[in-house]
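# Quick check, what structure comes out for this input:
(chains A, B, C and D)
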There are 2 protein chains.
Amino acid sequence: MNIGTAARRSALPAKTIRYYEEIGLLRPARADNGYRDYSDADIHRLKFLQRSRGLGFSVEECRQLLSLYGDTHRASADVKALAATKLDQIEHKIAELQSLKKTLTHLVRTCHGDARPDCPILDELSGASA
Amino acid sequence: MNIGTAARRSALPAKTIRYYEEIGLLRPARADNGYRDYSDADIHRLKFLQRSRGLGFSVEECRQLLSLYGDTHRASADVKALAATKLDQIEHKIAELQSLKKTLTHLVRTCHGDARPDCPILDELSGASA
DNA sequence: GCTAATCCTTCCAGTGACTGGAAGATCAAG
DNA sequence: CTTGATCTTCCAGTCACTGGAAGGATTAGC
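Residues are numbered from 1 along each chain as shown, chains lettered A, B, ... in the order given. Model prediction:
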């Protein structure tokens, strides 16, 4: 099947699929006319990538996951470790963003937000309170 | 003052400071030996950048904030709008990450994580449940 | 059979916000 | 005088795509 169909089936842009091939994440066959020819297994792989990227795994982590997926002898602990690390990172990121949110909320609430030029947000950024 | 000192005072890497100059965020003087020569005003500007970047504003947003900061006639509403938009974006990102976290937590919890090869995480990624 | 639209190919460049490193000048200390 | 730190510029790399140009292949309609 052509790349357009593969794109629709995997919910990935064609550009991205070519990019994944370029970095060695899959190796689709080629038809006589030079077009890429995706098998059902390729689509499966692309969907796997789409899902794992969507879960926040980096492309390199996805490569690892794919290789773990392909290795019938791997321990589930290996996968769990990868997922747990990612979970940790996500939790850290959430905490960081929540702290940002708190600060910004405070700033937005303190600023009267009218036509007057004095603004607590800029005061804070410029270090008035520091 | 030299870039090393400016870096220490602003808590920004020297590389970053040069980069900020390259994209026109500041224009430090030059000493006779060709070294950049930072004034206190430059440091103030760098600290402003350090703080606003730390609050999640993009470099372009920081540029806007700096210009608003420099304009004594600007309305505080302009700044407030920028901050409120950013706050919205942060909230969206938090929600997204929390949804990711939920999914990943579930997956990690379901995976027994031992030496056996069967793994619900990979099953999910490969679309077994979809 | 012709034409136009769509789809495919490759290649190159750009994004954001730095970061790393090489090659060479300058400076400060002993 | 030498060593080592610091400065300069410039080029390349990061991550994960994304956009676009130039050109070949296919398909749909007439």
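
# farthest residue from the center of chain A?
Distance from the C-alpha centroid of chain A, by C-alpha atoms, centre = their mean, peaks at A:Arg116 (41.8 Å).

# Mind jotting down where the strands sit in chain A?
A:29-30, A:36-37 (DSSP state E).

# Quick check: nearest residue in space to the residue farthest from the centre of chain A, chain neighbours excluded?
Closest residue in space to A:Arg116, ignoring its immediate chain neighbours: B:Ser76 at 5.8 Å, by C-beta to C-beta, 6 or more residues apart in numbering or on different chains. C-beta here means a position set from N, CA and C on the backbone, and glycine is covered the same way.

# Contacts only, for the one you found.
B:Ser76 sits next to A:111-122 when contact means C-beta atoms under 8 Å, 6 or more residues apart in numbering or on different chains.

# Then A:Lys47?
A:Lys47 neighbours (C-beta under 8 Å, 6+ apart): A:9-11, B:126-127.

# if I look at it, how far off is B:Arg63?
41 Å (C-beta to C-beta, to the nearest Å).

# Equivalent analysis for A:Asn33, please.
The value you get for A:Asn33 to B:Arg63, if C-beta to C-beta is used, is 49 Å.

# So these two - more neighbours on which side?
B:Arg63 (17 against 7; other C-beta atoms under 10 Å in any protein chain shown).

# what number of residues lie near the nearest residue to A:Gln64 once chain neighbours are set aside?
Spatially, and ignoring its direct neighbours in sequence, A:Gln64 is nearest to A:Leu82 (6.4 Å; C-beta to C-beta, 6+ apart). Neighbours of A:Leu82 under the rule other C-beta under 10 Å: 18.

# got it, and A:Leu12?
Neighbours around A:Leu12, by other C-beta under 10 Å: 18.

# pLDDT at it, what is it?
A:Leu12 carries a pLDDT score of 96 in this model.

# Ok, A:Ala77 next?
Each residue has a pLDDT score; the one for A:Ala77 is 88.

# Go ahead and confirm it touches B:Gly113.
Yes. A:Ala77 is within contact range of B:Gly113, at 4.5 Å (criterion: C-beta atoms under 8 Å).

# more crowded one of those two?
Legend: neighbour count by other C-beta under 10 Å for A:Ala77 and B:Gly113, higher for B:Gly113 (19 against 16).
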